[in-house]
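Let me see the structure of the following:
(chains A and B)
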Amino acid sequence: NAGVTQTPKFQVLKTGQSMTLQCAQDMNHEYMSWYRQDPGMGLRLIHYSVGAGITDQGEVPNGYNVSRSTTEDFPLRLLSAAPSQTSVYFCASSYSTGLAGVEQFFGPGTRLTVL
Amino acid sequence: GQQVMQIPQYQHVQEGEDFTTYCNSSTTLSNIQWYKQRPGGHPVFLIQLVKSGEVKKQKRLTFQFGEAKKNSSLHITATQTTDVGTYFCAGLYTSGTYKYIFGTGTRLKVLA
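This is a model prediction of the structure:
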């Protein structure tokens, strides 16, 4: 099992450019999510999905789009990058067992800089 | 909105000293999870607490969930240099959604 994989590891964008951060998992997990991590801010939830075809907003969704066409993949799209989106982005996945919650497995992260 | 406050933000201890980090929520949690992130790494799951007043131990680590399910703590006994990293709590609210709200984390440095 590769677990949760993210590409690219590093990315530099210019303001206004668009890009897609890729996330894939091979554990057949239903639940997937995207977080951003900024110094002193912890991890903040951007978007999440409880299964293929179902997505919902987290705490900080503005400027980001997601889709979930397959169980394995959960890409995060930046439509028009802004310097405020400079951050480290983590994708996570877990089994979905109702409100009891389960362990989240995190990918290695993508370090994004927007100039 | 829902918030999870975590203190302290930083903690430097001498190797062998104890360490505690605390999480507090303004509203009741369904459960709380704890994660550890090594410098330059990604968060790694440590444990999940579900029941009111629950206490769990993992070797030198003791995790507690408050009676009102609004607060939690992680205590490390006799810290070692391998304990270095940032410890996060993550609360799941009883809102019918899967929104985990993370605390801001406590960065632990252990001086040998």
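
quick one: contacts for residue 57?
All of this is about chain A. residue A:47 (CB atoms under 8 Å, 6 or more residues apart in numbering or on different chains). (C-beta placed from N, C-alpha, C; glycine too.)

hmm, I had chain B in mind actually
residue B:63.

Distance-wise, check it relative to chain A.
18 Å (CB to the nearest CB, to the nearest Å).

How far away from the center of its chain is whichever strand or helix holds that residue?
Using DSSP states H and E, the element containing residue B:57 is strand B:55-58. For strand B:55-58, the separation from the chain centroid amounts to 12 Å (computed by CA atoms, centre = their mean, to the nearest Å).

Which neighbours in the sheet does that strand have, and how are they oriented?
strand B:61-65 (antiparallel) (DSSP bridges).

shaky segments in chain B?
Applying pLDDT under 70 to chain B picks out residues B:1, B:94-97.

Spell out which residues of it are next to chain A.
Selection of chain B residues close to chain A by CB under 8 Å from any CB of the partner chain yields B:1, B:6, B:9, B:30-31, B:33, B:35, B:41-45, B:48, B:50, B:88, B:90, B:92, B:94, B:96-105.

Run through the bridge partners of the residue nearest the centre of chain B.
When CA atoms, centre = their mean is applied to chain B, the residue found nearest the centroid is residue B:89 (4.0 Å). In this structure, residue B:89 bridges to residue B:34 when assessed by DSSP bridges.

Quick check: it touching residue B:71?
No - assessed by CB atoms under 8 Å, residue B:89 is found out of contact with residue B:71, at 9.4 Å.

which neighbours do these two share?
Shared contacts of residue B:89 and residue B:71, counting by CB under 8 Å, 6+ apart, come down to residue B:23.

Residue 55: how many residues sit nearby?
You didn't pick a chain, so chain A it is. 18 (other CB atoms under 10 Å in any protein chain shown).

Actually, chain B is the one I wanted.
Residue B:55, neighbours per other CB under 10 Å, totals 11.

got the contact list for the residue lying closest to it once chain neighbours are set aside?
In space, and not counting its chain neighbours, residue B:55 is closest to residue B:64: 5.1 Å by CB to CB, 6 or more residues apart in numbering or on different chains. Residues in contact with residue B:64 (CB under 8 Å, 6+ apart) are B:49, B:54, B:55, B:72, B:73, B:75.
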